[in-house]
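A.B. asks: structural data only, the sequence is not supplied:
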């Protein structure tokens, strides 16, 4: 007797084949080479966006593309997931100089690395940032000591000596600047300490107020930061070096106990680039010269959600889609070595140095 199971099983198999024929194909991920020109173009767009949204610390530059994956997106376009390795530059975020023209901070000045995961929408040859997740960390003290035993190391940004050094440097600048404007401290961005000679070195952001040098009282609480078309901000580097005691005759004036030097660069208002001052105007009432409490660097995390704990940048709200530049495909050398194994196409090359 013929078993009824066989026809039923055959019908089930035919049904599965028919259903499989009408089901949409599973989207296939693409894994472009990390050093492909199109991948670099997406990475550069992401770095520009990260720098544009950063309200604290320094601009970053691309050092290495770690990974890239591209998926189809319905009903149109593609989504790219990219892991980036960045390096801190010497340009503060208030500096109008493009990041690609800024000097990478050398390892001997305690370099800082940024790690970012970004998600881009690709539509009609243009890019739009969907999200970004960044975190930055300084090179380890041990690595600095091995590289340069006498190099200074980073101080914590909430070290009172940094604020004192910034105040001393700013007071000297306010007393000597040629336009007679009183400038106010906005942010302590970086601090270093040295032992030979004993000193404190600090970098900080400043902004012009509506007070002149002659109008300022101590404290200058009535002075307000100028915004709008007359806004002017700047960035300073100041050092306070402790001088060795010098014996003096009785009645003679005592020499200064410390030597204060300061060098400030001022930036005129840049049209369409006021987010830095606007951000600090929002926070000035809290009297916080730096959000880096307990930190040695101003983490890129602060650029995404106004110093809150969230790492996510919901930049999909930005209406504009940046147009991609024409892409010239780079030929990838896939010559098979003796082992018969293809060389990896990710991570990509290191552009500066690896921390």
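C.D. replies: Looks like it arrived, so ask away. Predicted, not measured: the structure shown is a model, and the values here were computed from it.

A.B. asks: residue ranges for the strands of the stretch 1-150 of the chain, please.
C.D. replies: Along the stretch 1-150 of the chain, the stretches classed as strands by DSSP state E, counting those that start in this stretch are 58-72, 78-92, 112-123, 126-138.

A.B. asks: pLDDT below threshold where in the stretch 151-300 of the chain?
C.D. replies: For the stretch 151-300 of the chain, applying pLDDT under 70 flags the ranges 218-221, 246, 248, 251-256, 270-275, 279-292.

A.B. asks: residue 224 contacts residue 209, doesn't it?
C.D. replies: Yes: contact status for residue 224 versus residue 209: in contact at 6.0 Å, counting by CB atoms under 8 Å. The C-beta positions use only the backbone N, C-alpha and C, and glycine is treated the same way.

A.B. asks: these two: which is more packed in?
C.D. replies: Taking other CB atoms under 10 Å, residue 224 and residue 209 do not tie; residue 209 has more neighbours (20 against 14).

A.B. asks: what's the closest non-adjacent residue to that one?
C.D. replies: residue 223 (4.0 Å; CB to CB, 6 or more residues apart in numbering).

A.B. asks: same question, residue 90
C.D. replies: Using CB to CB, 6+ apart, the closest residue to residue 90 is residue 103 (4.7 Å).

A.B. asks: check residue 269 too.
C.D. replies: Residue 269's closest residue in space is residue 231 (CB to CB, 6+ apart), at 4.5 Å.

A.B. asks: can you tell me which residues contact the residue nearest to residue 90?
C.D. replies: Residue 103 sits next to 89, 90, 91 when contact means CB atoms under 8 Å, 6 or more residues apart in numbering.

A.B. asks: closest to residue 217 among those residues?
C.D. replies: Nearest to residue 217 among the contacts of residue 103 is residue 91, at 34.1 Å by CB to CB.

A.B. asks: in this structure the closest one contacts residue 59, no?
C.D. replies: Yes: here residue 91 reaches residue 59: they are 4.7 Å apart, a contact under CB under 8 Å.

A.B. asks: give me the common contacts of these two.
C.D. replies: Contacts common to residue 91 and residue 59, judged by CB under 8 Å, 6+ apart, are 99, 102.

A.B. asks: between these two, which is the more surrounded one?
C.D. replies: A direct count of neighbours by other CB under 10 Å for residue 91 and residue 59 places residue 59 higher, at 25 against 21.

A.B. asks: now do the same contact list for the more buried one.
C.D. replies: Residue 59 neighbours (CB under 8 Å, 6+ apart): 51, 88, 89, 91, 92, 93, 95, 99, 102.

A.B. asks: give me the nearest residue to it, chain neighbours excluded.
C.D. replies: Per CB to CB, 6+ apart, closest to residue 59 is residue 99, 4.2 Å.

A.B. asks: what about that neighbour, distance to residue 170?
C.D. replies: 26 Å (CB to CB, to the nearest Å).

A.B. asks: can I get the strands of the stretch 1-150 of the chain in TSV with mean pLDDT and distance to residue 202?
C.D. replies: Compiled in TSV, these are given as follows (pLDDT from 0 to 100; distance: least, CB to CB, whole Å):
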stretch	mean pLDDT	distance to residue 202
strand 58-72	96	14
strand 78-92	97	13
strand 112-123	95	16
strand 126-138	93	16
